[in-house]
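[1] Structural data only, the sequence is not supplied:
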C-alpha cells in the first residue's frame with residue numbers, strides 16, 4: 001500500500017507522528033484541545049494546523065476546508081451513551097466523542113467518494129476495559145462503523161475479533177507493549193477498519209509459525225554511567241497519567257515496578273525515563289517552564305510508539321487478503337455470529353486459532369516476533385532531586401501497607417524500611433501523633 005495522508009483526532013502529543021512519519025506517512029492536520037499537548041504540537045510540528053475541537057471536523061471536511069485524508073487515527077474517550085442516541089443518528093452533538101469520531105469517519109468517506117477515492121482507513125486505540133464497558137460503547141462503535149441496522153449486544157467483547165459489515169470491515173486485537181521493545185506492561189486495544197475491499201485482519205493478525213516468546217528474565221541490579229541501580233521487576237506496570245502526583249498509594253507502589261533505587265536511594269521514574277518507557281525521543285515533552293506533572297500526564301495518556309509503528313508498517317505492506325476469512329467461514333462456525341443477514345462477527349478470543357488445515361492465527365497479545373528491553377535500557381542517572389522519596393515518604397508507604405494488610409514486594413519493603421530508619425526522632429513522633437486510634441504505628445527501626 002502506498003504511503004498515505006493522515007488526519008489525527010484527539011492527537012495528544014502525537015505518538016502517531018513519532019511512529020509513522022519515519023515510515024513516510026504525511027500528517028495533514030491535528031485535533032487537540034488540551035493546552036499543554038497543544039503547546040507541544042506547536043513546538044514540534046509548527047507547520048501542521050491544530051484544528052482544536054473535533055466536533056467541527058465533519059463540517060470542515062465537507063466544505064473542503066481541510067483534506068479528507070487516507071487515514072483517520074484517534075483514541076477517543078469511550079463515554080457512556082444510550083441506544084436512543086444511536087437511533088437519533090450521527091448528528092447528535094451531546095458531546096459524545098465516540099459518536100463524533102464515527103461522524104468524522106462518515107464525513108471523510110462521503111467527501112472521498114465525491115472525489116472519486118476509496119474509503120478511508122480508520123485506526124482507533126483505547127484501553128482494554130472498553131471491551132467490558134457496561135454501556136456497550138464498543139458494540140455501538142463497531143456496529144456504526146460496520147453499517148449494521150442494529151447494535152450488536154454483548155456484555156463482554158473478545159480481545160480479538162473481526163466484523164464484516166455492509167459498509168466496512170473491522171478488526172481489533174489487544175497487544176502488550178512489553179513485547180515490542182518497551183519494558184512496560186501496557187495492554188491496549190487496537191482497531192483498524194476500512195471499506196469492503198479492505199481486510200484489516202491481515203494487518204492485525206499473524207499466521208502463527210513458532211512458539212510464542214515469553215518475557216525473559218534480566219538482572220535487577222546493574223551499573224550504568226558510574227551509578228548503581230536496582231529495580232524490582234524487568235518491566236513496569238502500565239504507566240498512568242496521574243503518575244506525577246499519585247505514585248505512592250496504588251498497586252505500582254507496592255510491587256515497586258515504577259520505582260528505581262539509584263545509589264541506595266529510592267525514587268520515582270523521571271519524565272525522561274517515562275518518555276523512554278513509551279518509546280518517545282529523549283525530552284520530547286520538554287518545554288521551557290513546563291511543569292513535570294503536565295509532562296507525566298501527557299506521557300501516560302499517550303500511545304506506545306513501537307506498537308503503533310509495528311501496525312503502521314504492516315498497514316503499508318498490506319496488498320491483498322491473504323487470510324481469506326470470507327471464504328473460510330465454514331471452518332470457523334463455532335466462532336462466527338451472523339448479524340441480521342448483513343454481515344458477520346468472528347470472536348477470536350485471545351488465543352491461537354486454527355483455521356482448518358490452512359494456518360493457525362495468532363490472536364494473542366504477543367506478536368510472532370518479539371523485541372525485548374529491560375529497565376536498564378531506560379533508566380538515567382540524571383534524575384532531579386525532587387523525585388527521590390524521603391525517609392518519611394518511605395515510612396508512609398510501609399505504614400499504609402501494614403494498616404490495610406496489603407501485599408508488597410519483599411525486596412521493596414526491605415529498601416523502604418532501610419531508608420525510613422534514617423528518620424529523625426522528631427519525624428517519627430510527628431508521624432505517630434497524626435495516626436488515628438486503632439491503626440498500626442510502625443515503631444522506630446532499632
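    Noted; the coordinates are in hand. These figures come from a predicted structure and were not determined experimentally. Numbering: from 1, shown residues only.

[2] what's around residue 300, how many residues?
    By the criterion of other CB atoms under 10 Å, residue 300 has 17 neighbours. For every residue, glycine as well, the C-beta is placed using N, CA and C.

[3] which ones are touching it?
    By CB atoms under 8 Å, 6 or more residues apart in numbering, the residues touching residue 300 are 239-243, 274.

[4] Farthest-apart pair in the residues you listed, please.
    Greatest spatial distance in those: 242 and 274, 12.4 Å, computed using CB to CB.

[5] what do these two both touch?
    296, 300.

[6] Check which helices and strands the helix ranked longest in the chain sits against.
    For the chain, the longest helix by residue count, based on DSSP state H, is helix 97-114. Contacts defined by 3 or more CB pairs under 8 Å, 6 or more residues apart in numbering; DSSP states H and E place helix 97-114 against strand 5-9, helix 57-62, strand 71-74, helix 137-146.

[7] Quote the end-to-end distance of stretch 203-215.
    By CA to CA, to the nearest Å, the extent of stretch 203-215 from end to end equals 24 Å.

[8] Check the offset of that stretch from the chain's centre.
    Relative to its parent chain, stretch 203-215 has a centroid offset of 20 Å by CA atoms, centre = their mean, to the nearest Å.

[9] in that stretch, what counts as buried?
    203-206, 208, 215 (16 or more other CB atoms under 10 Å).

[10] picking up where we left off before, just send the helices and strands packed on helix 97-114 back as JSON lines, with distance to residue 297 and mean pLDDT too.
    Shown next, in JSON lines, are the helices and strands packed on helix 97-114 (distance: least, CB to CB, whole Å; pLDDT from 0 to 100):
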{"stretch": "strand 5-9", "distance to residue 297": "19", "mean pLDDT": "98"}
{"stretch": "helix 57-62", "distance to residue 297": "24", "mean pLDDT": "97"}
{"stretch": "strand 71-74", "distance to residue 297": "19", "mean pLDDT": "97"}
{"stretch": "helix 137-146", "distance to residue 297": "23", "mean pLDDT": "93"}
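
[11] Relative to residue 130, which of these is closest?
    Closest approach to residue 130 among the helices and strands packed on helix 97-114 is made by helix 137-146 (5.0 Å; CB to CB).

[12] what's next to that closest one, contact-wise?
    The contact list for helix 137-146, computed with CB under 8 Å, 6+ apart, reads 78-81, 83, 86, 90, 98-99, 101-102, 105, 122, 124, 130-131, 150-154, 157, 163-170, 172, 191, 193, 339, 343.

[13] after that helix, next one along is what?
    Per DSSP states H and E, the first helix or strand lying C-terminal to helix 137-146 is strand 160-164.

[14] just the angle between the helix or strand following that next one and strand 160-164, please?
    Using DSSP H and E, the helix or strand that follows strand 160-164 towards the C-terminus is strand 169-176. Angle of strand 169-176 versus strand 160-164, following axes from the mean of the first three to the mean of the last three CA atoms, to 10 degrees, is 170 degrees.

[15] got a list of contacts for strand 169-176?
    Here strand 169-176 makes contact (CB under 8 Å, 6+ apart) with 128, 131, 142, 145-146, 159-164, 185-196, 198-201, 203-205, 307, 350, 363, 365-367.
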